[in-house]
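Chemist: sequence isn't available, so here's the structure alone:
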């Protein structure tokens with residue numbers, strides 16, 4: 001697009017006047033070239049669903065009829081000459097068959113997205129189309145839109161309702177929440193929706209990436225037994241979310257799924273879960289206890305990093321690896337049992353767990369990374385190995401506790417079991 005920097009300036013000014021205060025962040029998050037002159041090809045951050053059927057037994061919130069149209073051939077992509085397009089920035093998609101809503105910077109609190117522009121359909125809501133529009137209360141998606149970007153409504157803190165034209169083949173709205181047409185994927189729960197408790201419908205099998213991101217009113221969520229996947233960042237930064245019930249069919253908890261849910265007090269991960277993503281519960285500062293189901297094989301990097309109230313963790317025998325900084329900065333965690341199934345501990349796995357006093361490392365552990373117990377100065381580490389295994393980093397206990405090796409014959413500085421309890425000779 002010609003004069004892209006000039007156009008970006010216009011968008012930023014318009015956004016600041018309209019209260020879209022996320023534009024400052026947007027300007028650093030996305031370069032001017034990518035915002036204004038990137039192709040309209042659908043990226044991995046775009047939510048699509050091609051299902052044609054509507055889930056039975058549910059009612060949809062929708063509107064009927066087409067939105068305003070214009071087809072006079074004007075070449076301007078930032079529509080300012082007609083009231084119905086004020087604040088909308090459109091761009092042609094890659095094959096020039098329709099338009100992408102690139103950015104909205106208008107002042108309306110209830111926005112109806114046009115179904116067409118310049119005689120072509122509006123096919124996409126771009127990845128950051130409404131990012132940071134903090135005054136936005138409702139959005140209506142027309143029947144022409146085939147895809148909506150993951151971050152389209154990010155940081156729209158007042159957004160209470162997303163409506164969808166009943167003729168749209170890919171999406172539907174149920175109680176103001178955006179779903180795929182077949183009801184199987186919950187795509188966006190508006191961040192400003194005032195309900196404090198929410199039960200995910202039984203039709204849902206997947207919770208989309210960023211689906212509940214920064215919901216400021218939610219206190220309790222029940223994830224139904226039909227759900228199998230919780231997407232990345234699905235509940236990130238939900239500051240009032242204190243209770244989550246995870247259904248027994250969930251197999252995957254995505255990266256950063258519950259990061260910085262600072263009111264979340266405990267979590268029970270069911271036996272159905274096989275994968276916990278990186279940073280899944282990092283920064284959950286009120287979380288005091290965690291029970292990990294017996295199908296999880298890997299506790300991922302930073303999974304429980306900075307859970308500053310965490311006092312109790314149950315790790316099952318299914319776990320074979322504990323990732324980088326998985327329990328870093330858990331200062332009140334006083335004890336933890338590492339099962340004999342574990343073969344590796346990542347770098348800084350228990351760094352800054354300053355209350356740890358005793359831990360047993362099974363002979364099955366063949367690899368330990370740098371500083372696994374750094375700053376755990378009160379910790380006695382009982383190693384079932386008789387000497388440092390070759391797969392352990394030379395700095396595995398750098399700035400850490402005191403390590404003791406197992407022996408039934410050597411006495412000084414070694415340990416053995418007495419009635420199942422690690423005991424120094």
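Modeler: Looks like it arrived, so ask away. Note that this is a predicted model, so its numbers are computed, not measured.
Chemist: show the model's pLDDT score for residue 404.
Modeler: The score at residue 404 is 95. That number is its pLDDT.
Chemist: wait, it touches residue 384, no?
Modeler: No. With contact defined as CB atoms under 8 Å, residue 404 does not reach residue 384; the gap is 10.3 Å. C-betas here are computed from N, CA, C, even on glycine.
Chemist: ok now do residue 315, which residues does it touch?
Modeler: Residue 315 makes contact with 292, 299, 322, 336, 337, 338, 339, 342, according to CB atoms under 8 Å, 6 or more residues apart in numbering.
Chemist: the second one contacts residue 319, correct?
Modeler: Yes. Residue 299 sits in contact with residue 319 when judged by CB under 8 Å, with a separation of 6.1 Å.
Chemist: so the two - more neighbours on which side?
Modeler: Taking neighbours as other CB atoms under 10 Å, residue 299 and residue 319 compare with residue 299 leading, 25 against 20.
Chemist: now the contacts of residue 315: which count as buried?
Modeler: Buried by 16 or more other CB atoms under 10 Å: 292, 299, 322, 336, 338, 342, out of those.
Chemist: strands of the stretch 51-200 of the chain, residue ranges please.
Modeler: Taking DSSP state E, counting those that start in this stretch, the strands of the stretch 51-200 of the chain run over residues 78-79, 88-92, 99-104, 110-112, 116-117, 120-125, 138-141, 147-149, 161-164, 171-174, 177-180, 185-188, 197-199.
Chemist: packing partners of the third one?
Modeler: Where contact means 3 or more CB pairs under 8 Å, 6 or more residues apart in numbering; DSSP states H and E, strand 99-104 is packed against helix 32-37, strand 88-92, strand 120-125.
Chemist: hmm, back to that, can I get the strands of the stretch 51-200 of the chain in TSV with mean pLDDT?
Modeler: Listed next are the strands of the stretch 51-200 of the chain as TSV, based on pLDDT from 0 to 100:
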stretch	mean pLDDT
strand 78-79	52
strand 88-92	95
strand 99-104	96
strand 110-112	97
strand 116-117	94
strand 120-125	97
strand 138-141	98
strand 147-149	96
strand 161-164	98
strand 171-174	98
strand 177-180	98
strand 185-188	98
strand 197-199	98
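Chemist: which one, of these, ends up nearest to residue 275?
Modeler: Minimum separation from residue 275 across the strands of the stretch 51-200 of the chain (CB to CB) falls at strand 185-188, 18.4 Å.
Chemist: so which bits of that closest one are buried?
Modeler: For strand 185-188, a neighbour-count test (16+ other CB under 10 Å) marks 185, 186, 187, 188 as buried.
Chemist: hmm, the first one is touching residue 179, no?
Modeler: Yes. Using CB under 8 Å, residue 185 is in contact with residue 179, at 6.5 Å.
Chemist: need the overlap of contacts for the two.
Modeler: Among the neighbours of residue 185, those also in contact with residue 179 (CB under 8 Å, 6+ apart) are residue 204.
Chemist: circling back: reformat the strands of the stretch 51-200 of the chain as TSV; add distance to residue 421.
Modeler: Shown next, in TSV, are the strands of the stretch 51-200 of the chain (distance: least, CB to CB, whole Å):
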stretch	distance to residue 421
strand 78-79	73
strand 88-92	68
strand 99-104	64
strand 110-112	66
strand 116-117	74
strand 120-125	61
strand 138-141	62
strand 147-149	56
strand 161-164	58
strand 171-174	56
strand 177-180	53
strand 185-188	49
strand 197-199	45
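Chemist: ok, now which ones touch residue 286?
Modeler: Counted by CB under 8 Å, 6+ apart, residue 286 has contacts 242, 262, 263, 264, 265, 309.
Chemist: ok, residue 310 next?
Modeler: When contacts are counted by CB under 8 Å, 6+ apart, residue 310 touches 287, 288, 289, 290, 304, 327, 330, 332, 333.
Chemist: which pLDDT value belongs to the third one?
Modeler: Residue 289 is assigned a pLDDT of 96 by the prediction.
Chemist: look up how far residue 357 lies from it.
Modeler: When distance is defined by CB to CB, to the nearest Å, residue 289 is 19 Å away from residue 357.
Chemist: more crowded one of those two?
Modeler: residue 289 (15 against 11).
Chemist: list the contacts for the more buried one?
Modeler: Counting by CB under 8 Å, 6+ apart, residue 289 has contacts 266, 267, 310, 311, 312, 313.
Chemist: out of the residues you listed, give me the one that has the most neighbours.
Modeler: For the contacts of residue 289, the largest neighbour count, defined by other CB under 10 Å, is 25 neighbours, found at residue 310.
Chemist: what is the neighbour count of the residue nearest to residue 263 when sequence neighbours are not counted?
Modeler: The shortest distance from residue 263 to any residue other than its chain neighbours is 4.4 Å, reached at residue 242 (CB to CB, 6 or more residues apart in numbering). Applying other CB under 10 Å, we find 18 residues neighbouring residue 242.
Chemist: same deal with the one 3 residues further on?
Modeler: When neighbours are counted by other CB under 10 Å, residue 245 registers 14.
Chemist: that one is in contact with residue 223, isn't it?
Modeler: Yes. Counting by CB under 8 Å, residue 245 touches residue 223, with 6.3 Å between them.
Chemist: now do the shared contacts for these two.
Modeler: Contacts common to residue 245 and residue 223, judged by CB under 8 Å, 6+ apart, are absent.
Chemist: I'd like the distance between the closest residue to residue 110 other than its chain neighbours and residue 108.
Modeler: Excluding the flanking residues, the one nearest residue 110 by CB to CB, 6+ apart is residue 138, at 4.6 Å. Distance, residue 138 to residue 108, using CB to CB: 10 Å.
Chemist: same thing with residue 235?
Modeler: Residue 235 sits 29 Å away from residue 108, going by CB to CB.
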